[in-house]
Structure formats: structure tokens, C-alpha cells
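Asks: Here's a sequence, model it:
(chains A and B, ligands or ions: 2)
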Amino acid sequence: MSDSKDKDVLLEVKNLTVEVAGKRLLRGVDMIVKEGETHVVFGPNGSGKTTLVNVIMGLPDYKVVDGDILFRGDSILEWNLTERAKSGIGLAFQHPPVVEGVSLGVLLKTIIPDKKTSEEIAKNAHMEDYLEREVNVGFSGGERKKDELLQLLAQAPQLVMFDEPDSGVDVDSIKLMVDIMRKLLQKNTPIRERKNSGIIVTHSGVILEEIHADRGYVLVNGRLVCSGPPLDIFDQVKNHGFERCIKEAYESEKDG
Amino acid sequence: MKVKKMDENLKEEIAGLDRVGFDIKGETERSGSFLVADDKTTESESKEENLVVMPLSFAVEVYDWVNELRFSLVDREKDEYTKEVASRKELLGSFIYVKEGAKIEAPFQSCFFLHCQGFRQVLHNIIVLEPNSELNIITGCATGNLVSVSSHIAVTEMFVRKGAHLTYTMIHDWGSKAVVYPRAAIDVEHGGIFTSNYIALTQVKEIQSNPVAYLSDNASAKFNSIIYGRDGSFFDMGAMGILKGENASCEIVSRVASKNSKLILRAYIEGNGKNTRGHTECNGLLLDDRSSVTAIPELKANNIDTELSHEASIGKIAGEKLNYLMSRGLDEETARALLIRGFLEKGIEGLPESLKKKVDKLIEIAASSESL
Ligand SMILES: Nc1ncnc2c1ncn2[C@@H]1O[C@H](COP(=O)(O)OP(=O)(O)OP(=O)(O)O)[C@@H](O)[C@H]1O
Ligand SMILES: [Mg+2]
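Replies: Ligands and ions are numbered 1, 2, ... in the order given. This is a model prediction of the structure:
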């Protein structure tokens, strides 16, 4: 953390409160991600992790009832998906949809018109055999996750959000996934020069072993609690479950 | 001088017919060509010994059996258009004839072109494939820069004899000033195969067509259509399969997208023979509130051993997919175009290999000219 003291803030989430169909999914979430930092979000199923990254990405259907999201200092609440993506926000979906009739090659070419680059990217992700395949059609769970990273490589966002990139991925593929994630997060670049930041939503510690993260949180019932060093938080969750954090969330509910 | 100018203009327009699969420059391998511009037959050529190509007006003189084929499949009294074709004294149209056992590899290309304003093109085409022969026909239909309404009326009768195999592909690019009434019927004898591919990705003022295939023992027919109705088009397209003989089968598959257009897709299969099978499928994509897609499948079983089924679905572009693409930085227009293209391209799977690339390109062009 000390290295990034003098770094600029890339993303600032302020008191973010979100509803869907009258149901409150996020309750006053605060989060500051500086350039070059990686943050990790844990939390039980249904606690709002996907909601958080989707709202930052700008997916419609969520109603921001309070708070703000600043990207490089600008409020992006009024920006649509395309504008957010173009300005450098990217998301690897937890459950990406199938896109019938559109081949992965065609999609990559549309994301980056330079064909050579898209082929190279596919090769790096060991997915050159998938270029002719329709996007996510018949892809296994692990292949879909890999495809998400591949598309992000093409998009090359500065804020890279990963929604459970490791769930359902086998041991060998995890290595490859971690390599790509490191590339996306510029983990091989000296910290001083590192510009890209990440938010990783995960249930396991596998990725944490390979990718250094600066900060961790637990999201419980729409509240971000138990913030601290990611590995400590993971150990605590592993050994004691979410109990302590749920308690903390309950306390803060009483206070707020 | 004026006439010369017209000719130059026509030449130029014919050079552009590549968009409907007609290659005048001879860059693609073709077994022959036939081209009618308004009422002038400007090309009639075969490069194969066993493939006979000539205007129908010649054919009725050369072969004494050809005249008997006229209106043997299509009823001349069927409607005002068939009557109009029957009443014409001067025959206009093609005669395409493949001799027994000849398997013509390179596609044969024909084209019916409307060049002059307000022209009424009235055609009669006869296609005969003798037993065990094979032919792949690509017919392109197009118009020049019409400013007033022109018509294309055509009776086409196809005879697929025993064990013969005819693939008949039509690519239409009519434009907003054309009204089009093709009337086609196909007789498929024992073990014959008829495949129709219909591609229309641009505007037409109005088109109405409902070809019928009569299928004998072990004969099969497949009708594939890919239609992108746009900008005030009206398509009333159908296909009919009459399963007369034992083991005959028919499949009618359409994939259509409608943008500010009205589309009607008809499919009729009648199972009369033993062990006959029929299937119809229609996938429609509605792109705005001014459009409509009507799927009208009709199945009639007259034999206890016939198996008929139909599937249809009509929907809009899924918001989830649109959002997904936009989250990668595609603007809404590009994302929609990609999804429309993807939807239509699913229809390519059923096309012959030789055609896939061409249609793929056409779909890409059609979809990329998509605007919100
Ligand atoms: N469109 C919606 N309509 C109604 N409820 C929704 C909607 N989207 C999400 N929810 C609910 O909001 C809650 C949070 O969902 P979210 O997907 O953010 O959870 P999550 O933390 O990502 O869970 P998981 O670990 O299972 O992926 C869940 O209870 C979910 O059912
Ligand atoms: Mg989730």
C-alpha cells in the first residue's frame, strides 16, 4: 500500500446505494481504488457482489438511489455502458450470455479492428481454435471464463473488474487465467509505472496466492465490511466463515 | 446518341450485379449464364456439353416436348399473374436443360434485371434435369436506379427427374420500386433432391411468392430462406411441399428480420404418402414497433404414417446480449448490427459451402448499413 500513496485515485465509490424493483441491493458502499491497486471482494451468495461490479460497469436495470461513482474524478452515473467501456472500465462477467451467430473472431475484430492483434491475443489465451466458434455457444464453464479474459485483453481497460473469474476453472487453466489477469493488471510492470487497477470478486484463495491484492473486503447484505489485508480476510473467512463480518454488518446497520 | 448512352449505363449496372451473384466479368467459375434485362436476353451461354441453355422461345422450336411442359406444373388460370404470362405472345425467359447423368460442377448463373422505369417484365422459365444429373443454379434479381414502380412476373417450372439433384439459389435485391410475383413449381421424381435457397437482404416494395414442390417416392425438398425486410418492404413468402410418394420428405426453414417492414412467412406441408416426413421452422426477429412478422405454418397429414412438425419463434434483440457487447465498448448501433448479422448468419448453416462465403459477405454488408 505504501507504494501507491502518491498515486492518483482511479475509482471512487461513495455511499453507493442501489435498488432493483424496490429491493435494496447495495447500502452505502464506499470504496477507493488507486491506480495500480487491486482490491478483492468476498461475500456470501446473494450479498450484492455482482450488483456492485455491474453498477460500476453501467449495466441498466439498477437504480442508484444514493451516492456516486467517480472515475478519474468524474461522476459516471449518467454515462452509458459504451461510454464507460470506452473510457477504460471493463468487466469479466460472472455469467456471460451466449451470442448466437456471432463468432468470437468477429467480436474481437469489432472490439479491436486490427486483425493481427486480435489473433495474437487469442493465441496468448490459447483460444485461437475458438475464433470461429459463436461467442459462448456451447462453451464449457471454464471456457466462458477464459473467453471473458480474452475479450478484456482486446478491450484493454484501465479498471478491470473480474466477477468470479476462477469459479469452475480447472487447476491447469487457473494458471493461464492468472497469467492473463496479471497481464491485464500490469502485475509484471514496476509498481511505479503501473496504471491499471482491478476489482476481483472471488470465493477462493487460489487467485490471491498468485496475484497480489492491496485490499480486501467482505460484502454482506449490500454492505462493505471487514476491510483489510486480503489474505488475512480470506483466512478469517476460511476458518470462521462470514459470521464475524455479518456481525459487523449488523452493527453498522444499527448505527446507520 | 441517346440509345448509346443507355447501353453504357446498362453495362455499368450489369457489372454491379455481382451483388446478386451474377459475375459478368467471368472471375468466378460458372458453367453458363443467362441474363435478361427488361425484355432483352443479353446473355445465353453454356460452357458444358451436357448443359443446354437457350431462351425459351428457341427451345420450343428446337425440342418438340418443351411446349408440353409449359403450364404443366403451374396452373395458367391460377391468378392474374399466371394468366398474364400465359397470354404473352412473345416468350421471354430461359430454358435450362441438363442431360441424363451429367453432373455439372460449376454453378450456372442467371439474372433477371429491371432497368427501365415502369417496365413490366413477364417471364416463363423452364428447367429440366434429366435422371441422375446435377445442377446448381444461382439466380440474381435486381433493379437499376428505378424512380417509378416496375414489375417482375415470372412462372418458373422445374423438373427434377429420377435421382437428379437441383440446387436453386435466388438472391434478390429489388429496391423500393419493384413489385415482384414469382410463381414456381417443382416436380421432384423418385429419389430426386431439390434445394431452394432464398436470400433477400434489401428493400422490395412488394413480393409475393409461394413455390410448391411435388415429391414422389424417396424425393426430398428443402427450402431455406434468409430475409431481412427493411425500410417499408412487404414480403409474403412461402413454400409448399406435397409429399406424394413413399418416404418423401420436405423441410421449410426461414430466418427473417424485420425493420419497419411487414413479413409473412408461409409454410405448407401435406403428407400423403407412407413414411413421409415434413418439418417447418421459422425464426423471426422484430427490430422495431412498426414491423410485423407473421409465421403461418400449416401441416396436413393424410396418411397415418406421415410425421409432420413445426417450430416458430419471433422475438426482439435480447437486451442482455446488447448490454454485453456494449460493455466491451461497442456503441449501440454497432452492437445491434452485430446481433442482427449473427441472427441472420445462423441461417447460413443450411446453405451449400459454395454459397456460404458470398451470403456471409452480403449479410455483413446488409447489417452494417443498419442504422437506428
Ligand atoms: N434484477 C433483479 N431483480 C431482483 N433481485 C435481484 C436482481 N438482481 C439481483 N437480485 C438479487 O440481489 C441480490 C444480490 O445479487 P448479486 O448477484 O449481486 O449477488 P452476489 O453477491 O453476486 O452472489 P453470488 O455469490 O451468488 O454470485 C440477490 O439476492 C439477487 O437475487
Ligand atoms: Mg455474483
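
Asks: pLDDT below threshold where in the stretch 151-256 of chain A?
Replies: Within the stretch 151-256 of chain A, the stretches with pLDDT under 70 are A:255-256.

Asks: Now do the strands in it.
Replies: Along the stretch 151-256 of chain A, counting by DSSP state E, counting those that start in this stretch, strands occupy A:159-163, A:197-201, A:215-220, A:223-228.

Asks: swap in the stretch 251-372 of chain B?
Replies: Counting by DSSP E, counting those that start in this stretch, the stretch 251-372 of chain B has strands at residues B:262-271, B:276-286, B:292-301, B:306-316.

Asks: quick one: residue A:49 and residue A:203 touch, right?
Replies: No - between residue A:49 and residue A:203 there is no contact under Cβ atoms under 8 Å: 9.3 Å. Glycine gets a C-beta too; all of them are placed from N, C-alpha and C.

Asks: list the contacts for the residue nearest to residue A:57 when sequence neighbours are not counted?
Replies: Closest residue in space to residue A:57, ignoring its immediate chain neighbours: residue A:91 at 4.4 Å, by Cβ to Cβ, 6 or more residues apart in numbering or on different chains. Contact analysis of residue A:91 by Cβ atoms under 8 Å, 6 or more residues apart in numbering or on different chains lists A:53-54, A:56-57, A:161-163, B:327.

Asks: Of the residues you listed - the most surrounded one?
Replies: Greatest neighbour count in those, by other Cβ atoms under 10 Å in any protein chain shown, goes to residue A:162: 30 neighbours.

Asks: My understanding was that that one contacts residue A:200; is that so?
Replies: Yes - checked against Cβ under 8 Å, the pair residue A:162 and residue A:200 is within contact range at 4.8 Å.

Asks: Distance check, the nearest residue to residue B:356 once chain neighbours are set aside against residue B:354.
Replies: Nearest-residue entry for residue B:356: residue B:348, 5.3 Å, with adjacent residues in sequence omitted and distances by Cβ to Cβ, 6+ apart. Distance from residue B:348 to residue B:354, counting by Cβ to Cβ, to the nearest Å: 12 Å.

Asks: quick one, which of those two is more surrounded?
Replies: Per other Cβ under 10 Å, whichever of residue B:348 and residue B:354 has more neighbours is residue B:348, with 20 against 16.

Asks: returning to what we had before: among the strands of the stretch 151-256 of chain A, which is nearest residue B:298?
Replies: Evaluated with Cβ to Cβ, the strands of the stretch 151-256 of chain A place strand A:159-163 nearest to residue B:298, the distance being 47.3 Å.

Asks: Output the closest one as PDB, restricted to C-alpha atoms.
Replies: Taking C-alpha atoms only, strand A:159-163 is exported to PDB below (Å, rounded to 0.1, in the frame of the first residue of the first chain):
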ATOM      1  CA  LEU A 159     -10.100  -0.600 -14.400                       C
ATOM      2  CA  VAL A 160     -10.500  -4.300 -14.800                       C
ATOM      3  CA  MET A 161     -13.300  -6.000 -12.800                       C
ATOM      4  CA  PHE A 162     -13.400  -9.800 -12.500                       C
ATOM      5  CA  ASP A 163     -16.600 -11.400 -11.300                       C
END
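
Asks: quick one: the one residue in chain B that gets nearest to chain A and residue A:149, what's the gap?
Replies: Of all residues in chain B, residue B:342 sits closest to chain A, at 2.9 Å by Cβ to the nearest Cβ. Distance, residue B:342 to residue A:149, by Cβ to Cβ: 22 Å.

Asks: thinking again about what came up before, list the residues that contact the residue of chain B closest to chain A.
Replies: Each residue near residue B:342 by Cβ under 8 Å, 6+ apart is listed here: A:99-102, A:134.

Asks: Quick check: the gap between residue B:348 and residue B:364.
Replies: 11 Å.

Asks: Also residue B:73?
Replies: Using Cβ to Cβ, one gets 37 Å for the distance from residue B:73 to residue B:364.

Asks: where does the stretch 51-200 of chain A come near ligand 2, residue by residue?
Replies: The interface of the stretch 51-200 of chain A toward ligand 2, taken as Cβ under 5 Å from the ion, is made up of residue A:94.

Asks: Could I get the full set of helices for the stretch 51-200 of chain A?
Replies: With DSSP state H, counting those that start in this stretch as the criterion, the stretch 51-200 of chain A has helices at A:81-87, A:104-111, A:115-124, A:141-155, A:171-184.

Asks: Now do the longest one and helix A:104-111, the angle between them.
Replies: Angular relation of helix A:141-155 and helix A:104-111 on a 0 to 180 degree scale: 30 degrees, by axes from the mean of the first three to the mean of the last three Cα atoms, to 10 degrees.

Asks: May I see the buried residues of helix A:141-155?
Replies: For helix A:141-155, a neighbour-count test (16 or more other Cβ atoms under 10 Å in any protein chain shown) marks A:142-155 as buried.

Asks: Look up the residues forming beta bridges with residue B:276.
Replies: For residue B:276, the beta-bridge partners under DSSP bridges are residue B:306.

Asks: That one and residue B:302 touch, don't they?
Replies: No - using Cβ under 8 Å, residue B:276 makes no contact with residue B:302, being 9.4 Å away.

Asks: More neighbours: which of those two?
Replies: More crowded of residue B:276 and residue B:302, by other Cβ under 10 Å: residue B:276, with 28 against 11.

Asks: Now for residue A:18: which residues touch it?
Replies: A:24-26, A:48, A:51, A:55, A:62-65, A:222.

Asks: how about 10 Å then?
Replies: A:24-27, A:29, A:48, A:51-52, A:54-55, A:62-67, A:222 (Cβ atoms under 10 Å, 6 or more residues apart in numbering or on different chains).

Asks: ok, now residue A:90?
Replies: A:57, A:84, A:148, A:151-162, A:184, A:196, A:198, B:327-329.

Asks: Repeat the analysis, applying 7 Å as the threshold.
Replies: Residue A:90 makes contact with A:152, A:155, A:157, A:159-161, according to Cβ atoms under 7 Å, 6 or more residues apart in numbering or on different chains.

Asks: Ok, residue B:193 next?
Replies: Residues in contact with residue B:193, defined by Cβ under 7 Å, 6+ apart, are B:165, B:220.

Asks: Kindly report the same for the one 5 residues further on.
Replies: Each residue near residue B:198 by Cβ under 7 Å, 6+ apart is listed here: B:170, B:224-225.
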